[in-house]
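Colleague: coords please:
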Amino acid sequence: MLTAAIIALLVTMTLTLTRAFIGPTEYDRMLAANSFGTKTVLLIALAGHLLSWHSFLDVALLYAMVNFVGTIAIMRFFEASAAIEPDEEENNPS
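Modeller: Just a heads-up that it's a prediction; the model follows:
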């Protein structure tokens, strides 16, 4: 049963990674990357449970914290770069 869950999770991770590459905006790509990180945490936890390696849960929690901090940092970068770039309406007065 856990093997089927891991396979289903790998399929959804593939779809999420595809969305990250073809997302129309950087926010869609970032959301897909964050979702991929969350699914990776779940995959690590499931693999640890399946293999009875309980230290994998610690690794999953650490990866979740790194994923959260990385998401916040990248979103702040996108927010700062969007504030610096001028709008297209200012460049094309009609």
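
Colleague: Report the helix or strand with the lowest average pLDDT across this structure.
Modeller: Taking mean pLDDT, DSSP states H and E as the measure, the chain has helix 88-91 as its least confident helix or strand, at a mean of 59.

Colleague: what's the burial count for Val41?
Modeller: The number of residues packed near Val41 is 19, by other CB atoms under 10 Å. (C-beta placed from N, C-alpha, C; glycine too.)

Colleague: That one contacts Ala64, correct?
Modeller: Yes - assessed by CB atoms under 8 Å, Val41 is found in contact with Ala64 at 4.6 Å.

Colleague: OK, contacts around Leu46?
Modeller: Going by CB atoms under 8 Å, 6 or more residues apart in numbering, Leu46 touches Leu2, Ala5, Ile6, Leu9.

Colleague: mind redoing it with 6 Å?
Modeller: The neighbours of Leu46, taking CB atoms under 6 Å, 6 or more residues apart in numbering as the test, are Leu2, Ile6.

Colleague: which residue sits closest to the spatially most central residue of the chain in space, ignoring its chain neighbours?
Modeller: The centroid of the chain falls nearest to Asn34 when counting by CA atoms, centre = their mean (1.9 Å). What sits nearest to Asn34 in space, not counting adjacent residues and going by CB to CB, 6 or more residues apart in numbering, is Thr71, at 4.8 Å.

Colleague: which strands and helices sit next to the helix or strand hosting that neighbour?
Modeller: Assessed by DSSP states H and E, Thr71 sits inside helix 55-84. Using 3 or more CB pairs under 6 Å, 6 or more residues apart in numbering; DSSP states H and E, the elements in contact with helix 55-84 are helix 26-51.

Colleague: In this structure the residue nearest to Asn34 contacts Ala33, no?
Modeller: No - assessed by CB atoms under 6 Å, Thr71 is found out of contact with Ala33, at 7.7 Å.
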